[in-house]
Each structure stands twice: as structure tokens, then as C-alpha cells.
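*Asks:* fold the following, please.
(chains A and B)
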Amino acid sequence: SQKIEQNSEALNIQEGKTATLTCNYTNYSPAYLQWYRQDPGRGPVFLLLIRENEKEKRKERLKVTFDTTLKQSLFHITASQPADSATYLCALRGSGTYKYIFGTGTRLKVLA
Amino acid sequence: NAGVTQTPKFRVLKTGQSMTLLCAQDMNHEYMYWYRQDPGMGLRLIHYSVGEGTTAKGEVPDGYNVSRLKKQNFLLGLESAAPSQTSVYFCASSSLSGGLYNEQFFGPGTRLTVL
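*Replies:* Residues are numbered from 1 along each chain as shown, chains lettered A, B, ... in the order given. Next up is the predicted model:
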């Protein structure tokens, strides 16, 4: 069955460092991969979309890579700030479908 | 522009009771989704709709029904609530643009407890 794995353990990093989160998947060939941010008690908020034919996408301090051979996406936050503390979810969608499959998310805590 | 709204925000039910969760979006989006989020399980798709009058099953549809009579509204019904349906429910919507699907916009969630 299709499976998406994100590090279930919280990631603690020091302010100013680069945070790197991982999203691995199996038994799936996604055409699109998204990253969302979720704060406690709130709904997820979209951050970035990357397509299967794209290796890297950037938006301000955010960078996403997509390696379809390794079946992995990396999500980087450079110059991290305490305000970046949240849970980050990856979501995958195949071509020809309207449905996204979500990972369980990784909780990031940026320490001041 | 309110985006995606959900009603109610909190609800406590007894086993066997029924209820309807309402999702409304004012972005004229074609697609709407209902998810549930449980600790350690992530977001799981219950039902979705690709347009007014159409619905389809997601990953965990049992025990739920949906209706999309108007483009802006997507209703999720629980006919006979069970404790296993205790969860946080999120509604989301997205649009079709230029042949590529855009991001999903999520509502604030409904926290449901079934005793």
C-alpha cells in the first residue's frame, strides 16, 4: 500500500540554523508534492508545490527538493526563526487524481 | 473574503447520535474535501467532491455521508456516531487553474468528541 513517512520525532534546532525535514514515500509515483505548515489548533497552510519534473523549488527562506529516484523530498528552512516552530506536512498526488495523501508531519521547534 | 469556514468548531455527541458538519468556501473552488486528523495518523481523506452534485469516497469513508448541493457548501454527516469517530475534522477546497491543481485551502477544523 501507499505509504508516506515523515520523521515522527520532533526536530529541535537553534535559531539561525537551517532546518531540514524529510518526506519519504513508497509504492507511489506522485506527480505533485506539496508542503504545508500547521500550527496547534489550526488547519494546514500551503507553503510550496513541486512537480515530478522539477528538482528544486525556492520561496524566500524555503527550499524544497524532489528526488523521484530516491522517492524523497527534502524541505529546508534557512536562517530559521522561533516563529518557524510548527508542524510541517508533506502531501503527494498522482497524475489523473484529485486526491492528496498526507504524511503524519514533523514538529519543528526553533530555539532562541 | 472568509476563505473556508467550518461549523461548528466544537461538538460533543453521545454514541448513536447524528450530526452534520458544514463547510463553506467563498473562493468559487470546484474541489472540496473532508479529512480527519488523529494523533500519529496524519490527515486522512474521508470524502471529496469535484463539483456541485458529485461526491466520491476517500480513504476512510465508512460511517460518514456527504452532500454537495451547492458549489460553495460541502456537508459531512454522521448518521450514528461512534467513539472511533472522535477526531478533528478539516474541510479543504481547491481550484482547477490552467489544467494544474492548486493548493488546498483548509478550514479551522471541528473538534468532535463522541462519548
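
*Asks:* stretch B:81-90: end-to-end distance?
*Replies:* One end of stretch B:81-90 sits 17 Å from the other (Cα to Cα, to the nearest Å).

*Asks:* in three-state terms, label B:Ser84 for me.
*Replies:* helix (DSSP: H, G, I helix; E, B strand; the rest coil).

*Asks:* show me what residue 37 is bridged to.
*Replies:* In the absence of a named chain, this looks at chain A. Taking DSSP bridges as the rule, A:Arg37 bridges to A:Val45, A:Tyr88.

*Asks:* chain B is the one I meant
*Replies:* Residues in beta-bridge contact with B:Gln37 (DSSP bridges): B:Leu43, B:Val88.

*Asks:* for chain A, what are the nearby residues on chain B?
*Replies:* Residues of chain B lying near chain A by Cβ under 8 Å from any Cβ of the partner chain: B:4, B:31, B:33, B:35, B:40-45, B:48, B:50, B:58-59, B:90, B:92, B:101-109. Yep, even glycine has a C-beta here, placed from its N, CA and C like the rest.

*Asks:* contact residues of chain A facing chain B?
*Replies:* Close to chain B, as judged by Cβ under 8 Å from any Cβ, chain A has residues A:4, A:8, A:32, A:34, A:41-46, A:49, A:89, A:91, A:93, A:98-105.

*Asks:* repeat that with 7 Å
*Replies:* For chain A, the residues in contact with chain B (Cβ under 7 Å from any Cβ of the partner chain) are A:34, A:42-44, A:46, A:49, A:98-100, A:102-105.

*Asks:* thinking again about what came up before, I'd like to know which of the residues of chain B next to chain A are buried.
*Replies:* The neighbour count (16 or more other Cβ atoms under 10 Å in any protein chain shown) marks B:4, B:31, B:33, B:35, B:42-45, B:48, B:58, B:90, B:92, B:101-109 as buried among those.

*Asks:* buried ones in stretch A:49-56?
*Replies:* Under 16+ other Cβ under 10 Å, the buried positions of stretch A:49-56 are A:49-50.

*Asks:* export that stretch as CSV, just CAs?
*Replies:* Output of stretch A:49-56 as CSV, limited to C-alpha atoms (Å, rounded to 0.1, in the frame of the first residue of the first chain):
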residue,chain,number,x,y,z
LEU,A,49,4.3,22.8,-4.6
ILE,A,50,6.9,20.9,-6.6
ARG,A,51,6.3,18.8,-9.7
GLU,A,52,7.8,15.5,-10.6
ASN,A,53,9.9,17.0,-13.4
GLU,A,54,11.3,19.7,-11.0
LYS,A,55,14.4,19.1,-8.9
GLU,A,56,14.2,22.1,-6.7
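
*Asks:* grab the nearest non-local neighbour of A:Ile4.
*Replies:* A:Gly103 (4.0 Å; Cβ to Cβ, 6 or more residues apart in numbering or on different chains).

*Asks:* turn the residues of chain A next to chain B into JSON lines, including distance to A:Asn27, secondary structure and pLDDT.
*Replies:* Compiled in JSON lines, the residues of chain A next to chain B are given as follows (distance: Cβ to Cβ, whole Å; DSSP: H, G, I helix; E, B strand; the rest coil; pLDDT from 0 to 100):
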{"residue": "A:Gln34", "distance to A:Asn27": "19", "secondary structure": "strand", "pLDDT": "93"}
{"residue": "A:Arg42", "distance to A:Asn27": "31", "secondary structure": "coil", "pLDDT": "95"}
{"residue": "A:Gly43", "distance to A:Asn27": "28", "secondary structure": "coil", "pLDDT": "96"}
{"residue": "A:Pro44", "distance to A:Asn27": "24", "secondary structure": "coil", "pLDDT": "96"}
{"residue": "A:Phe46", "distance to A:Asn27": "25", "secondary structure": "strand", "pLDDT": "93"}
{"residue": "A:Leu49", "distance to A:Asn27": "22", "secondary structure": "strand", "pLDDT": "91"}
{"residue": "A:Tyr98", "distance to A:Asn27": "20", "secondary structure": "coil", "pLDDT": "79"}
{"residue": "A:Lys99", "distance to A:Asn27": "15", "secondary structure": "coil", "pLDDT": "86"}
{"residue": "A:Tyr100", "distance to A:Asn27": "16", "secondary structure": "coil", "pLDDT": "89"}
{"residue": "A:Phe102", "distance to A:Asn27": "16", "secondary structure": "strand", "pLDDT": "94"}
{"residue": "A:Gly103", "distance to A:Asn27": "14", "secondary structure": "coil", "pLDDT": "94"}
{"residue": "A:Thr104", "distance to A:Asn27": "17", "secondary structure": "coil", "pLDDT": "92"}
{"residue": "A:Gly105", "distance to A:Asn27": "20", "secondary structure": "coil", "pLDDT": "94"}
